[in-house]
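Student: pasting the sequence and the predicted coordinates here, then a few questions.
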Amino acid sequence: MAREQAALLLARQLKELKKCSMGFSAGLIDDDDLFKWEVVIYGPPDTLYEGGMFKAHLLFPKEYPHRPPKMKFVSDMWHPNIDQDGNVCISILHEPGDDTYGYEKAEERWLPVHTVETICISVISMLADPNDESPANVDAAKMMRESVEEFKKKVTRTVRRSVEDL
């Protein structure tokens, strides 16, 4: 029952996104599976990521929207909040409820009101404003703090590769 409800919700969100989306595009990886999406995030204007077109996958659990999807960039990414394997680490994609480590408030974590659109907008915001206080990629965070020019060069190469790979 939960899987059917999740599939209906995802089908509705896909239909809505085809009408209009800002800063990203989204669709199914496989037309027969509403639980596996591919998104392309466009690097936000006036940021180091501007001009990039970064491909990612969103994998939804059958308990969606009560549990968050996993988001993983398949394009190379160099960002403090995206780990070396491409996994996105932002609060709204963390399991609902209290954070056992006390870093996040429950209302900052996953809530069933989130949609593909709110996830993508949050990721775009994350690209524009990295959080180096709680990094998923410690090397990127350290480089961003200590070697800004080197960080900029590495991100510029990442942006260039993202366009070439698409």
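Tutor: Great, that's in hand. This structure is a prediction, so every number in the text was calculated from the model and none was measured.

Student: for residue 3, give me its contacts.
Tutor: Contacts for residue 3 (CB atoms under 8 Å, 6 or more residues apart in numbering) come out as residue 62. Bear in mind the C-beta positions are built from the backbone N, C-alpha and C, glycine included.

Student: please, which helix or strand holds it?
Tutor: helix 2-19 (DSSP states H and E).

Student: elements contacting the next helix or strand after that helix?
Tutor: Next helix or strand after helix 2-19 toward the C-terminus (DSSP H and E): strand 24-28. Helices and strands touching strand 24-28, by 3 or more CB pairs under 8 Å, 6 or more residues apart in numbering; DSSP states H and E, are helix 2-19, strand 36-42, helix 116-128.

Student: make a markdown table out of those and add mean pLDDT and distance to residue 104.
Tutor: Output for those, formatted as a markdown table (pLDDT from 0 to 100; distance: least, CB to CB, whole Å):
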| stretch | mean pLDDT | distance to residue 104 |
| --- | --- | --- |
| helix 2-19 | 88 | 24 |
| strand 36-42 | 97 | 22 |
| helix 116-128 | 96 | 13 |
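
Student: ok, which of the ones you listed comes nearest residue 74?
Tutor: Among the helices and strands packed on strand 24-28, strand 36-42 comes nearest to residue 74, with 8.1 Å by CB to CB.

Student: and residue 91, backbone torsions?
Tutor: Taking degrees, to the nearest 10, you get phi -50, psi -40 for the backbone angles of residue 91.

Student: so what's it closest to, chain neighbours aside?
Tutor: Ranked by CB to CB, 6 or more residues apart in numbering and with sequence neighbours excluded, the top spatial neighbour of residue 91 is residue 108, at 4.3 Å.

Student: so who does the spatially most central residue of the chain touch?
Tutor: In the chain, the centroid-proximal residue (CA atoms, centre = their mean) is residue 123; its distance is 4.4 Å. Shown in contact with residue 123 (CB under 8 Å, 6+ apart): 24, 41, 56, 71, 88, 90.

Student: check residue 17 too.
Tutor: 26, 116-117.

Student: just the buried residues from the residues you listed, in ChimeraX please.
Tutor: Those of the contacts of residue 17 that count as buried under 16 or more other CB atoms under 10 Å are selected in ChimeraX with:
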select :26,116,117
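
Student: neighbours around the closest residue to residue 25 other than its chain neighbours, how many?
Tutor: Take residue 25 and drop its neighbours on the chain: the residue closest to it by CB to CB, 6+ apart is residue 40, 4.9 Å away. By other CB atoms under 10 Å, the residues close to residue 40 number 18.
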